[in-house]
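Undergrad: Compute the structure for the input listed below.
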Amino acid sequence: FGLSDPFCAISVGKSERHKTQVMRRSLNPEWNEEFVYNVEEGARELKIVLYDWSVTKEEDFIGQVVFSVDSLQQTPFIDDWFRLKSIDGSAEVKGEVK
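TA: Residues are numbered from 1 along each chain as shown. Predicted structure coming up:
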């Protein structure tokens, strides 16, 4: 009780989206997965959205982190923790990603 089945949906721009594996019954998941993207011209952000997977209903939104493509081109590897934000990005929600 109280555990999630989290997974991430990662997208760059509007054309490519990848999903991580679902980590069953975990509040501290570690994915260690890599994805390669062809960044389309005009793509402005990389978005990592966390969901709680469910077999019986639609996935529940947990939180998201958004990075500008420009900042990632300047610093492609960032070893830091980032607070999750609400769906509109205006408020922090519970949780962090690294």
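
Undergrad: Residue 11 and residue 46 touch, don't they?
TA: Yes - using Cβ atoms under 8 Å, residue 11 makes contact with residue 46 at a distance of 7.3 Å. Backbone N, C-alpha and C define where each C-beta goes, glycine included.

Undergrad: in what helix or strand does the residue nearest to residue 93 when sequence neighbours are not counted lie?
TA: Spatial nearest neighbour of residue 93, excluding adjacent residues (Cβ to Cβ, 6 or more residues apart in numbering): residue 63 at 4.3 Å. In this assignment (DSSP states H and E), residue 63 forms part of strand 60-68.

Undergrad: Can you tell me which helices and strands that strand packs against?
TA: For strand 60-68, the packing partners by 3 or more Cβ pairs under 8 Å, 6 or more residues apart in numbering; DSSP states H and E come out as strand 45-52, strand 82-85, strand 92-97.
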